[in-house]
Every structure is written in structure tokens, then in C-alpha cells.
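**Student:** Sequence plus the predicted model coming up.
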Amino acid sequence: MPEVKQEPQAPLLPGVVAVALSTAYLIALLAVEKQPLVIGLLAFGIVAVLVAHYMDWLDPVGRSFAEREGVLSAYAVLAACVVAAFFHDNHFVLLLFVTVLLYAVATLGLNIEFGYAGVLNFAGASFFGIGAYTSAVLNTYTAVPHLLVLLIGGTLAALIGSLLLLPVLRTRGHYAALVTIAFALLLKTFLEVNDVLGGPQGMQVKGMSILGWSFNDNFEIGKIEMSFYLNYFVISMLLLCGTFVLVRRLERSWIGLDLDAIRLDETAASCFGLDIARWKITAFVLGNFVIGLAGALFGMVGGFVAPNNYTFADSLIMVSILLLGGIGNPWGVVVATFIVVVLPEKLQTIQEYRFLLYALIVIVVLLFRPEGLLPRPVRRYFPGGRA
Amino acid sequence: MSRIVRQLSLFFASALFVGALVATAQAKERVKVGFIGPLTGGVSVNGIGGRNSAELAVKLRNADAKAKYEYELVVLDDECKPNVAVQVATKMAADKEIIAGATHYCSATAIATVDIYHKFGFPIIVWGAVLPDITYRSKYAEVHRVNGTMIDQNDANAELITKLGFKNVAVIHDTTDYGKGHNAYFSKSLAKLGGKIVGTFGVTADQQDFTAELTQIKSLNPEVVYFGGLTPIGVRVRSQMDKLGIKSVFDGTSGIVSEAFIQGLGPLAEGALAFREGASTEKLPGGKFFLEKYAAQKYDNPPEAYGAFSYAAMDLILDSIEKVGPDRKKVIEELANVRDRDSIIGKITFDDHGQNTVALITKYVVQDGKFVEWDDSEYATGRRKLPGQK
């Protein structure tokens, strides 16, 4: 065992304060509806972050997150639960929240491919769609238990994605991207002409139920009526936690080390005896599995699947979440998903101009943070110690 | 005893006074109504036209001194995408302050959201989507539609050719949702009127050569060839009919109402029939009124084809709220009783599925290289005759 020199750990407080403040801000943002308030709150958020940046308040936050990740992750989960509890009877906000969680899961899958192994995938939404269609078909025509349906959804996405392995392995960079774009078009056309799958009009998906507990019914705790989306929140949160831990462990392990090496320099990596094909396949299949898993659950949440949900444009949204958050950083993914999913929704009040403002904000963010909001930090070989 | 009476009267007097104060301060109760349409993306012109029209209905109602409530329109954008539509529909339906909504231009978004409206008991009137399933797949009391569907189009079609004395019809349709739907609804309504389908042929949407199908059709000797599909193969079918010497009437659907159909066929297009949901806004019963009011608002965009339907849907919602008050359940009951209601798009009658049954269909015939409305054409007056017409 290598001797790790124990230095005093970074204080926990800045991280906790940051989590608490962002939770309060998120609740406020989700709760307000009036146009001036929404715009004001957004402006306030941007200014607050800028001020914190120039006052150097963000560094201690970053340090405490880097060194006390385990504890702070628990606080973050707690914060999410607080937000959900606050909106316990608000169907819409919970739906939005669940959407954020599942998109975050899918983008974490994309992160394994894109961020670690460097395998470009511009068909994220297609694999998401394969998962969703799996749950649509299985829930309609079979009695497969719904938790199993999720796993089958992920597996199918991984299997169908395997069709792409050969072309993805033989091509590099832009050409590999082209292969996945072609696949996205192929899948959409296939769904459109296929009558069993509902054709261009799509098909309904039955809601989830586990052991007789129907996820699509409101329920009561004590005397308080809860939104049925709270069911989905719990399972989505579990899925996100599981995926997050998986991605984090993967990154920390020697597999993550190999993936990094392959992304940075294939030639060098193969000189050191790394099997390029093997690790690319691992990352691609695993990533698609995670995306499919999220898609299968999202199909049941939304209750409807149609080919138009899973277009190339939707894949680009996933990629932009990854880029906005900072490639390779799971925390960045989570933060960016909130921005990309919640912001256009909160801007509904300005109607047809909302995407203009939204796009502008994204461009400005990338102008000042070209590596994303939270760029991936330098690898920490000894967690708990200094990098 | 008298003290209690005095106190009580004081109480009531002050209550009345406060009530009067509130009444003057806020003359009318505010009621929220909703609109959903595609405000961004490829079909946004239609969505914005619809939005403006719904807004116009609300503005006119608020300007009306007789209105009991002050209305506020909540507008949400579905981007013509089912997943986004599910989100915004949940948002609107879950907001208990919003009483009813005029929703959806795209069929894919409407069919994706009807279950949500049903679940939340939120009354809606579809203002633009044409897929029959939206109203007919399930029997939801919450879901209504003012515009017509494929079914109405084919009813009008079957009625016209029966009236012209044609009985035997051969059907060619493409195998997309569009073609298959048309085939199903046309066959049904023709059978009701006593006509006979002598043969049905499904073709793929990119087929080039129809000799096989048309040779069979020739031997069946129908008076009419019904075509359910879009312009490109419509042009091919019609020209190959000519090559094989089939003299039947070419009877198309909304899919062939385009300039390209006439350009592709030249003089051969003459006498082709076609049908379309809705009508040009000027031709609507209240079209002139609507266009004048719309122009007075100086919107940047025109109302587009379905603007008048959006206006009519919103107007019907406002009428219902005026009558029964801002209560979702009562509005649903009220909408179920809509019979022969006058509107700018003509009379509205909802059937048990909430579908407007007196939906407007425009009949077209190609005359001298133009799609002319049937009633204005020389074919209707008898100056020209379709092939085989008695």
C-alpha cells in the first residue's frame, strides 16, 4: 500500500452552504410563474454566481466538493428530496423534475462513451427511444414485471447499439459521428413505417406498477394527498444515484484510466498494450445500456412514445447538456441538465421568443466557460488526499 | 337579545360594505383559459396564427361589457413534439386555475395528450389536428374538436359521387397512415350510401409503375377511381390511367390539392376531384367578421388556415364559462350539450365523442388548370360533365 500523506481535509461547510442555497434557489425558480419574476430570478441567479466567482467564494465550494464528495452527495440527494417534498402535490413541477433526473441519467450514459472513451455518439435520443419503445411494447402486449422491463429496455438499446460497433470501431472522429447520425435517421424511419409500433402517430405506454402499486395513481401519506409523479421521482432518483455511483466508480477504477488513455491518444495507448477495440466496445455498450434504461422509464413517465420524440435534434440536446456541463464531469451533467430542461420551460412566458433567449444564454455560458460550467478536474489518484 | 340582533345586523352591514368595496375594486372575477400550439419549430406560423386568433377571442370578450368574467389567456408551446406536448399539457391541466383550453395543431401532439386531459378532468377543444383517433380512440368527455377529420372529408366525398350517380368505385391508396386511413373511412361511408367498392389496391408511397394494379382495375370497369395518397404518386396513377385507356373519374383526397398536381399532369388533371377539411377563411360564415377584427389587432402574422377554428374553439369555451361559471366539471357538461351552435365557422354540433359533426369540408374539381370549388365550377352547373356522368 502506498503511503498517503494525510493533510487536513477541506471544510465541509462551503459545500453544504452551496447545496442549501442552490436548493432554495431551485425551489424559488420552480415555484414562480409570473414573467417578470422568472426573468428577475434568472438574472439574479446569474449575477449571484458571477459575484461569487469574483469574490472567490466558489473555490472553497469546489474544494469541499472534491474532497468530501461522499458526504456532499448524500446532502445533494437530500436536497433533491426536499425539493420533491416541497412540490409534493404539484404534478407539473414533479414531472419536470423527473424529466431532469432521467435526462441526467441518459447523459451520464453518454458521458461514459463521449467523456471517457471518446467514442462520439450523436444518436443518444435514438437509444433513449429504443428503451421507451421497449416499455411501450412490453407493457401493452405482455405481463413482464415493469422493473424487468427497464432492464430489458437497457439491454435492447445496448444490443441494437451493438449493430453499430463495427462501423464505429473502423471510423474515427467526425466519421464515427456520421455513422451514429445515420443510425438516428434509420431508426426514426423504421419506427415511422412500422405499424406494430404505432407508425408515425406513436403509441400509448401503460404506467408503471410494481407488485400492485400503481405509479399512475395519486396516493396519500397521512392526510396529505401526494402527486403520482412522486412515485416516479423516487424510482428516477434511485436510478440516478445508481448510475452516478457506477460512473464515478468506473472513472476512478483502472477501467476509467484505460478509457482516458484511449481517448487522449489511441496510438500511445495501444503501444502500452491496451486493447482499443475492447474498451471502446465496453464504453459504447455500457453507455447505451444506461441511456436505454433511462429511456424505458421515461416512456412510462410520459405515457406516450412517437418517432418525433427521438429525432436527431433531441440527440443534440443530450450532447449539448454534456458540453454545457463539462465533458467527463458527472456533477456538471447534473447541473447542466437542470439548465437545459428547466430553462426553456420557465421561459414559456415569452412564448415564441423563448428559444432565442435560451440559446443566447447557452452561447454566453460557453463564451466565458469554453470547457463547460464545471470542467472535469485533474484525476485524483488518491481520493481523500491532494491531487 | 336585541344586542345580538344589533351585532348581527352590524356584522351583515359591514360584510355588505366590504363586499361592495371588493366588487368595485375588482369589477369582475378573473378566469384563466389556456391555449397550446406550436409556437416554435417548422409549423410555427400555424401555431402563432392560432395563438393570435385565440387571443383575439379573449380580447373581444374582455371588451364586451356584458361578460361576467375577466379572462386571462395562458399560452404554452408544444413545439409540435409529443414529448414536449405531454409536459405542457400536464402543466396546463394540473393548474386548477385554468378552466379549459383550446389545444394542439399537430395530430401527434394531440393524440399524445388526450389521456392527460382525461386524467386531470381538463376540458379541451382541439383547434387544428385532423387525426380521427384524437376524438374516436377513446370516449373522453373532456376532449372535443371543432375542425373536421379525415372521416368528414370522406363522407363528403362519398356523398358527392353518389349524388352524381356513380356506383362502382375502385380504390388505390398508399400504405402510410394517411392512405390507409382514407381507404378505411371512404369505404365505410360509401357502403352506407349504397355504393360499391369493386377492388382495393394498396401501393407503397414510392412506387413508380402501377400497370399491374391499373390493368386489373380496367377489367373491373369502375366509374370512379378513388385515390388516397399524396401528389407524387397521384400524378403517376392518373397519367398511367390515361395510357391504359381508363376513362373513369379520378377522385382524390386532400393530399393532391396542390399546384404540383396540376403542373405534373397538365390538361390530364381536368375533372379530377379533391376534398379538404376546412375552407379558405374568407368563405367561412363568419370569415369576414373574423378577418376584419384580426386585421384591426395588427398582428405580424396572418391567422393561417386554422386561425378561425382556434377563434371558434376559444369562443365556445368562453361562452360555456359565461353560462355555467368557471368550473371544469360544469364546462364539460355544458360542452357535451353543444348542438347547432352558431360560430364563425358555421354551426357546431358535438357528437358523443366530442367531435364536431357539421365540420366544414371544401369540395374541389380541377377546371382549366385550377382547383375550383365544386359549387362554383361549371361541372356543378352542368355546363361540363365528368367522364361517364349522366
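**Tutor:** Right, received. Where do you want to start? Numbering: from 1, shown residues only, chains lettered A, B, ... in the order given.

**Student:** And the pLDDT at the spatially most central residue of chain A?
**Tutor:** The structure's chain A has its C-alpha centroid closest to residue A:104; by CA atoms, centre = their mean the separation is 1.5 Å. Looking at residue A:104, its pLDDT stands at 95.

**Student:** chain center to the strand or helix carrying it, what's the gap?
**Tutor:** Here residue A:104 is covered by helix A:91-111, with elements defined by DSSP states H and E. From the chain centre to the centre of helix A:91-111 is a distance of 6 Å (CA atoms, centre = their mean, to the nearest Å).

**Student:** Quickly check: that helix near chain B or not.
**Tutor:** Yes - judged by CB under 8 Å from any CB of the partner chain, helix A:91-111 and chain B are in contact via A:91-92, A:95-96, A:99. Heads up, the C-betas are built off the backbone N, CA and C, glycines and all.

**Student:** interface residues of chain A facing chain B?
**Tutor:** A:90-92, A:95-96, A:99, A:199-202, A:204, A:216, A:302-306, A:308-309, A:314, A:345, A:348, A:351-352, A:354-355.

**Student:** ChimeraX command for the buried members of these?
**Tutor:** In ChimeraX, a selection of the buried entries from those looks like this (16 or more other CB atoms under 10 Å in any protein chain shown):
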select /A:90,91,92,95,96,99,199,200,201,202,204,216,302,303,304,305,306,308,309,314,345,348,351,352,354,355
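
**Student:** Out of the residues of chain A next to chain B, which sit inside strands?
**Tutor:** Mapping these onto strands (DSSP state E) picks out A:204, A:304-305.

**Student:** Show me what the helix holding residue A:104 is packed against.
**Tutor:** Packing contacts for helix A:91-111, counted by 3 or more CB pairs under 8 Å, 6 or more residues apart in numbering or on different chains; DSSP states H and E, involve helix A:13-31, helix A:69-86, helix A:124-141, helix A:229-252, helix A:276-302, helix A:312-325, helix A:330-346, helix B:82-94.

**Student:** tell me the angle the third one makes with helix A:312-325.
**Tutor:** It stands for helix A:124-141. For helix A:124-141 against helix A:312-325, the angle by axes from the mean of the first three to the mean of the last three CA atoms, to 10 degrees is 120 degrees.

**Student:** What mean pLDDT does helix A:124-141 get?
**Tutor:** Averaging pLDDT along helix A:124-141 yields 92.

**Student:** pull the CA atoms of it into CSV?
**Tutor:** Presented in CSV, the C-alpha positions along helix A:124-141 are these (Å, rounded to 0.1, in the frame of the first residue of the first chain):
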residue,chain,number,x,y,z
GLY,A,124,-28.4,9.4,-27.8
ALA,A,125,-32.0,10.1,-28.3
SER,A,126,-32.4,7.0,-30.5
PHE,A,127,-31.1,4.7,-27.8
PHE,A,128,-33.4,6.6,-25.4
GLY,A,129,-36.2,5.9,-27.8
ILE,A,130,-35.4,2.2,-28.1
GLY,A,131,-35.8,2.0,-24.3
ALA,A,132,-39.1,3.9,-24.4
TYR,A,133,-40.5,1.8,-27.2
THR,A,134,-39.5,-1.4,-25.4
SER,A,135,-41.5,-0.4,-22.4
ALA,A,136,-44.4,0.7,-24.7
VAL,A,137,-44.5,-2.7,-26.4
LEU,A,138,-43.8,-4.9,-23.4
ASN,A,139,-46.3,-3.0,-21.1
THR,A,140,-49.0,-3.2,-23.8
TYR,A,141,-48.7,-6.8,-25.1
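
**Student:** if we can go back for a sec, dump the helices and strands packed on helix A:91-111 to a markdown table, plus distance to residue B:62.
**Tutor:** A markdown table is the format used below for these (distance: least, CB to CB, whole Å):
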| stretch | distance to residue B:62 |
| --- | --- |
| helix A:13-31 | 28 |
| helix A:69-86 | 35 |
| helix A:124-141 | 42 |
| helix A:229-252 | 34 |
| helix A:276-302 | 35 |
| helix A:312-325 | 38 |
| helix A:330-346 | 27 |
| helix B:82-94 | 20 |
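
**Student:** Out of the ones you listed, which is the most enclosed?
**Tutor:** helix A:124-141 (a mean of 27; mean count of other CB atoms under 10 Å in any protein chain shown).

**Student:** Okay, domains of chain A per the record?
**Tutor:** As assigned by automatic domain parsing, chain A contains the domains A:10-86, A:89-368.

**Student:** Distance from the chain centre to the first one, please.
**Tutor:** The reference is to domain A:10-86. Its chain's C-alpha centre and that of domain A:10-86 lie 18 Å apart, by CA atoms, centre = their mean.
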